[in-house]
Structure formats: structure tokens, C-alpha cells
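**Q** based on what follows, work out the 3D shape:
(one chain, ligands or ions: 2)
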Amino acid sequence: MKDKFRSGFVTIIGSPNVGKSTLMNRLVGQKISIVSERAQTTRSRIAGVVSRRDYQIVFLDTPGVTGAKNRLGEYMLKVAYESLKDVECILFMLDASKGIREMDEALIKNLRERAGDTPVVAAVNKSDISTFDGIETVRERLEKESFVKHIIPISAETGRNVDKLEAILAGYLVEGPQYYPDDMVTDQPMRVITAEIIREKALKCLRQEIPHGIGVDIERIFLREDGIHDISAVIYCERESHKGIIIGVKGAMLKRIGSAARPEIEALFGTKVNLQLWVKVRPDWRNSANALRELGYTDD
Ligand SMILES: Nc1nc2c(ncn2[C@@H]2O[C@H](COP(=O)(O)OP(=O)(O)OP(=O)(O)O)[C@@H](O)[C@H]2O)c(=O)[nH]1
Ligand SMILES: [Mg+2]
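**A** Residues are numbered from 1 along each chain as shown. Ligands and ions are numbered 1, 2, ... in the order given. From the prediction side, this is the model:
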């Protein structure tokens, strides 16, 4: 008899910067979630779909869990914790090169309380830049927690043990429907992906102190008769001085961000793209309910 199709949701949760988005992209085999060297890159819940012959796993990439400093931070924390509900498995990620920090301990405590009956698999990431002892210290700590069902060292960057991890997670799927068609890899609409690509490039190009305060809004996507997409986007920042830095001398920085983003946006749309970027100051937008709603950081 043919085995029944199995499916399920797996939430990826962990402290900021441990490699959650990198892992999801590798599992899906395509860039879905933006990645950066800076903590708190992911701001919302992003689904990445892995479709195989016998099963489908819907991964939920979530914002890194840490103390909230503003309304946006509160939203991000809520998104991460809400994503623990109604899933087949929780994938808890840690960074072996950093060991178990205070925020990881806090998350362990939280997961102990919130996971309920949902199995937790721990992926000890960045094994490629960690020592054997570093990985073992994390393992020994996690072995003390009965809610952690598996502990596996991986490297989301090199792919080490990622297949093994997928096999472990597939073991927690249940008989069920295919939630997404084979060719659908994410639930994110094109305009959101476009905004995220621009934000990623801004994070990469700009200095440390600004990026957390950046938000990107796509104002217009228009397909011209000649087959080119006209896209205009606004990069919001919180201070006039930041605006100057984002624009750069004679617009050089903004041009750099645009040049870095355009090829990826063109690949996404499958057409040439005429990208226009604007920079606007919106003081303290991360504490404004209206701004958060406009930029899509709400659950309604
Ligand atoms: N060496 C190494 N670097 C990694 C690995 N996985 C991720 N990184 C790097 O770690 C940084 C953070 O990766 P992200 O995937 O953005 O981390 P995240 O957990 O999604 O971060 P937030 O969205 O901020 O919570 C990036 O610079 C990645 O390239 C890994 O296995 N090895
Ligand atoms: Mg992320």
C-alpha cells in the first residue's frame, strides 16, 4: 500500500542572529528570508515551503527573540511566540560559536513553559566556525531539558547536517494535505519580498547605528507597455542625520543600495526593473501604531 502524504508546520525560533533565516533559505533551496550580519533582521513571520514527493514541510521563520525596546520590538516578540502555536514541531536554533547566553537561557525557560506537547528539536548552528568543545557545551546544557527531543549540530552556511535535520523534522509530520502547491515556496507577496530585498541591501550598505531604524514601503509597482516594471519605494528612517547618510554624497549611497537590490528584484519579477528610491524621515516610527500598520508590522 502506498504511504499517505504527510505534512506539517515547523517554527524556527531562536535568539537574534543565530542563523534562522539562513537555514530556512537553505532548506527551501531559494532565498526567501533576508539575511544580515546584524541582529534583528527578520521582523515578521515568513513561511518557506519544502515540497517533496511524500511530504511537505511549511517552515515559519520568525524574528529573533530578545527584549523589546519599542513597539516594533514588542510586535516581533509577539510574532515569534504566537508562531509556537499549532505547529507539528519547534526548531530551536542556537549559535555554537556564541554558546548559551543569557537570552538563550531565557528562551529555554520560555520554551519549557510554552512548548506544551509540541516536540522541540534543537539545531546547534555555525558548527563551521565553532570548536568541538563549544558545540559539546551547548549540547550538555540542552540534554538537561526533557522537552528537547533531538540535538543536532549543523551549519546553515555550509549545509552540514541540514539533510539529517530535515529527516528528523519530517519524522514529526502527520498525515495531512499539501498546504501549498509544489511550485509555491513562500506565502510572501511580491511587494513584501521587494521591500525586504531593499531593506537587506540597506542593512548591508549602511553603518551599524542606522539600520534598526529603517523601514521600507513600496509605493508603486507598475508594468509598463514596454515590459519594464516601474517600482518606487520609500526608505523610512528616524532622523534627519540618518537621511543624509542613507542618501550619501550626491546620492551615492542610495544609488549603491538601488544597484544592489535591482538585480534581485529583476530576477523576482522576471523583467527589467526601473527602481526609484526615496528617503523620508519619520521620527520614532517604531513606536507609532500607524507607521507599523502601514509598513505591514501588524497581525490584522
Ligand atoms: N559561519 C556561519 N555563519 C552563519 C551560519 N548561519 C548563518 N550565518 C551568518 O549569521 C548571520 C545571521 O544570519 P541570519 O540568518 O540573518 O540570522 P537570523 O537568526 O535569521 O537573525 P534575525 O533575523 O536577526 O533573528 C549572517 O551573517 C549569516 O551569514 C553558519 O552556519 N555559519
Ligand atoms: Mg532572520
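**Q** gap between the two ends of stretch 265-280?
**A** Stretch 265-280 has its terminal residues 22 Å apart, counting by C-alpha to C-alpha, to the nearest Å.
**Q** also stretch 208-223?
**A** 35 Å.
**Q** which stretches of this structure have low pLDDT?
**A** Regions of the chain meeting the criterion pLDDT under 70 cover residues 1-2, 209, 211, 300.
**Q** kindly list the longest helix within it.
**A** For the chain, the longest helix by residue count, based on DSSP state H, is helix 252-269.
**Q** go through it and flag the buried ones.
**A** Using 16 or more other C-beta atoms under 10 Å as the test for burial, helix 252-269 gives Met253, Leu254, Arg256, Ile257, Gly258, Ala260, Ala261, Arg262, Glu264, Ile265, Phe269. C-beta here means a position set from N, CA and C on the backbone, and glycine is covered the same way.
**Q** stretch 274-285 now?
**A** Buried, per 16+ other C-beta under 10 Å, within stretch 274-285: Leu275, Leu277, Val279, Arg282, Trp285.
**Q** make a markdown table from those residues and add distance to ligand 2 and secondary structure to it.
**A** Output for these, formatted as a markdown table (distance: C-beta to the ion, whole Å; DSSP: H, G, I helix; E, B strand; the rest coil):
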| residue | distance to ligand 2 | secondary structure |
| --- | --- | --- |
| Leu275 | 24 | strand |
| Leu277 | 23 | strand |
| Val279 | 24 | strand |
| Arg282 | 24 | coil |
| Trp285 | 21 | helix |
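**Q** relative to Arg207, which of those is nearest.
**A** Set against Arg207, the nearest of these by C-beta to C-beta is Val279 (14.8 Å).
**Q** residues from the stretch 101-250 of the chain in reach of ligand 1?
**A** Asn125, Lys126, Asp128, Ile129, Ser155, Ala156, Glu157 (C-beta under 6 Å from any ligand atom).
**Q** and the second one, what is it in contact with?
**A** In other words, Lys126. Contacts of Lys126 were listed using C-beta atoms under 8 Å, 6 or more residues apart in numbering, and they are Val18, Gly19, Asp95, Ala96, Ser97, Lys98, Ser155, Ala156, Glu157.
**Q** surely Ala123 and Ser155 touch.
**A** No - Ala123 is beyond contact range of Ser155, at 9.9 Å (criterion: C-beta atoms under 8 Å).
**Q** these two - which one has more neighbours?
**A** Ala123 (28 against 22; other C-beta atoms under 10 Å).
**Q** could you check how far the more buried one is from ligand 2?
**A** 14 Å (C-beta to the ion, to the nearest Å).
**Q** who are the packing partners of the helix or strand containing that residue?
**A** Taking DSSP states H and E as the definition, Ala123 sits inside strand 120-125. Applying 3 or more C-beta pairs under 8 Å, 6 or more residues apart in numbering; DSSP states H and E, one finds that strand 120-125 makes contact with strand 89-95, helix 132-143, strand 148-153, helix 162-170.
**Q** which residues does the residue nearest to Arg71 when sequence neighbours are not counted contact?
**A** Distance criterion C-beta to C-beta, 6 or more residues apart in numbering; nearest residue to Arg71, sequence neighbours excluded, is Asn287 at 4.7 Å. Counting by C-beta under 8 Å, 6+ apart, Asn287 makes contact with Asn70, Arg71, Leu72.
**Q** same check on Leu77?
**A** Counting by C-beta under 8 Å, 6+ apart, Leu77 makes contact with Pro63, Val65, Thr66, Ala68.
**Q** again, but for Pro283
**A** Glu238, Arg239.
**Q** any idea how far Ile218 is from it?
**A** Distance from Pro283 to Ile218, counting by C-beta to C-beta, to the nearest Å: 22 Å.
**Q** perfect, I'm done here.
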